[in-house]
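Engineer: Quick one, structure for this:
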Amino acid sequence: MTAARRRLQRALVIALSRTPPPLLKLLARPPVNNAGDRMAPDVALLMKLTEAGGDYSDLPVATAREVTERDAALFADRIAPCPVEQDVDLGDGLRATRYSRGTPDRGLILFFHGGGFVLGSRASYAAPARMLVQGTGADVLSVEYRLAPEHSFPAAHDDALAAWRYAVDHAAEWGADPRRIVVAGESAGGNIAAVLCQHLRGQAVQPMAQVLIQPVTDISEQRPSQHEFAGSPALSAKQIAWFMNHYLPDGTDHLDPRVSPLRAGDLAGLPPAIVAVAGFDPLRDDGLAYAAALTANGVPAEVIHEPELVHGYIAFTAISPSSRRATRRLVRAISSALTSTPERSTS
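Structural biologist: Reported below is the predicted structural model:
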């Protein structure tokens, strides 16, 4: 597809998303889930368009990456670059991008992108990273962790720990306090963030908060939302299986807390959490279960439930006004967490 054709396709999709809601409802016929929530009309239209296209899980990994990177550029908002966008060498080939507007005293957000441990990149998540910087004032360090199948489990977690250590060691150079680092991630990145917080528990420097956006928290069990939304064009059961087949080596214990952080025996003493879920996401119940387990272990956990939305909504901000508004709500919640640090429970 040529650049001109991609620009035209983007313009058409954005124009469709701005169709008046009553007409969108007629065009898309938004479904209602078992909880009685109705999908936002603009999201329902996007799902119809997505369903009519191809499925990346039918493609070789390299081709799937090309397709999803192109889609990310189509679906994401055009956010103005930050005053500072610095490529950072974290060592041993691991790289990240530091985004800053020059107010690092607000804190540092260590961010891990989504993509099922197989897809995604810091480039495809530049728009959410910039929105975080603009909305919170904090710096963002977006990590290019290694992907499967070239680098299967637990490579991404090893990279997350290395990125954390680099951030702690270099935060002061950027003008940030290493005690004001928030660990955040979306989907697979949410899993990485949750596992990292568990690994760091009890250490001298720990994250001040964890932000888990539609996270994968339990591979060992399928909860009702996975069955209800098995055919979701945003994230289907087939795609989840494709991701896991590439990510997990044969014989991997699905109860390992590094795979399924919900299966950790004790969650006490972890950082306060923000857990974002969506009403039409197969991972909704994973997120809710983890938030409930954190609360049961004395860890403050704020749930942001977007009942009208689907998996991956932070990547749909150009073509879905509903997703854009939800992402802004999430950013405001993170900004509030940076402003006031809740007292951490003790183990």
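Engineer: Check which element follows the helix or strand encompassing T50 along the chain.
Structural biologist: For T50, the element it lies in under DSSP states H and E is helix 41-52. Once helix 41-52 ends, the next helix or strand along the chain (criterion: DSSP H and E) is helix 61-75.
Engineer: CA atoms only for that following helix, dumped as PDB, please.
Structural biologist: Listed next in PDB are the C-alpha coordinates belonging to helix 61-75 (Å, rounded to 0.1, in the frame of the first residue of the first chain):
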ATOM      1  CA  VAL A  61       5.300 -13.300  12.300                       C
ATOM      2  CA  ALA A  62       7.300 -10.900  10.200                       C
ATOM      3  CA  THR A  63       4.400 -10.100   8.000                       C
ATOM      4  CA  ALA A  64       2.000  -9.800  11.000                       C
ATOM      5  CA  ARG A  65       4.400  -7.200  12.500                       C
ATOM      6  CA  GLU A  66       4.400  -5.200   9.200                       C
ATOM      7  CA  VAL A  67       0.600  -5.200   9.100                       C
ATOM      8  CA  THR A  68       0.000  -4.300  12.800                       C
ATOM      9  CA  GLU A  69       2.600  -1.500  12.700                       C
ATOM     10  CA  ARG A  70       0.900  -0.100   9.600                       C
ATOM     11  CA  ASP A  71      -2.500  -0.400  11.400                       C
ATOM     12  CA  ALA A  72      -1.100   1.400  14.500                       C
ATOM     13  CA  ALA A  73      -0.100   4.300  12.400                       C
ATOM     14  CA  LEU A  74      -3.600   4.400  10.900                       C
ATOM     15  CA  PHE A  75      -5.500   4.100  14.200                       C
END
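Engineer: Tell me how far E69 lies from S121.
Structural biologist: When distance is defined by CB to CB, to the nearest Å, E69 is 7 Å away from S121. To be clear about C-beta, it is placed using only N, CA and C from the backbone, and glycine gets the same treatment.
Engineer: Same question for L110.
Structural biologist: Applying CB to CB to L110 and S121 gives a distance of 16 Å.
Engineer: cool, N245 as well?
Structural biologist: N245 is 21 Å from S121, by CB to CB.
Engineer: Show me which of these two is the more surrounded one.
Structural biologist: Neighbours were counted for N245 and for S121 using other CB atoms under 10 Å; S121 has more, 18 against 13.
Engineer: how many neighbours does the closest residue in space to A289 that isn't next to it in sequence have?
Structural biologist: Closest residue in space to A289, ignoring its immediate chain neighbours: L262 at 5.9 Å, by CB to CB, 6 or more residues apart in numbering. Using other CB under 10 Å, L262 is surrounded by 23 other residues.
Engineer: try the one 4 residues further on
Structural biologist: By other CB under 10 Å, 12 other residues sit near D266.
Engineer: Please look at it and N297 and confirm they touch.
Structural biologist: Yes - D266 is within contact range of N297, at 6.7 Å (criterion: CB atoms under 8 Å).
Engineer: Touching both of these two, which residues are there?
Structural biologist: Counting by CB atoms under 8 Å, 6 or more residues apart in numbering, D266 and N297 have no contacts in common.
Engineer: Break down the stretch 1-150 of the chain into its helices, ranges please.
Structural biologist: Taking DSSP state H, counting those that start in this stretch, the helices of the stretch 1-150 of the chain run over residues 3-17, 21-28, 41-52, 61-75, 126-136.
Engineer: hey, which of these is tucked in deepest?
Structural biologist: helix 126-136 (a mean of 23; mean count of other CB atoms under 10 Å).
Engineer: which helices and strands does that helix pack with?
Structural biologist: strand 94-100, strand 108-112, strand 139-144, helix 321-339 (3 or more CB pairs under 8 Å, 6 or more residues apart in numbering; DSSP states H and E).
Engineer: Pull up the pairing partners for the third one, direction included.
Structural biologist: Looking back up the chat, that one is strand 139-144. strand 94-100 (antiparallel), strand 108-112 (parallel) (DSSP bridges).
Engineer: got the angle between it and helix 126-136?
Structural biologist: 160 degrees (axes from the mean of the first three to the mean of the last three CA atoms, to 10 degrees).
Engineer: from the chain's centre, how far out does strand 139-144 sit?
Structural biologist: With CA atoms, centre = their mean, to the nearest Å as the basis, strand 139-144 stands 13 Å off its chain's centre.
Engineer: Put the alpha carbons of that strand into PDB.
Structural biologist: What follows is strand 139-144, C-alpha atoms only, in PDB (Å, rounded to 0.1, in the frame of the first residue of the first chain):
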ATOM      1  CA  ASP A 139       8.900  11.700  31.600                       C
ATOM      2  CA  VAL A 140       8.100   8.400  29.900                       C
ATOM      3  CA  LEU A 141      10.700   5.700  29.200                       C
ATOM      4  CA  SER A 142       9.200   3.300  26.600                       C
ATOM      5  CA  VAL A 143      11.100   0.100  26.300                       C
ATOM      6  CA  GLU A 144      11.800  -2.000  23.200                       C
END
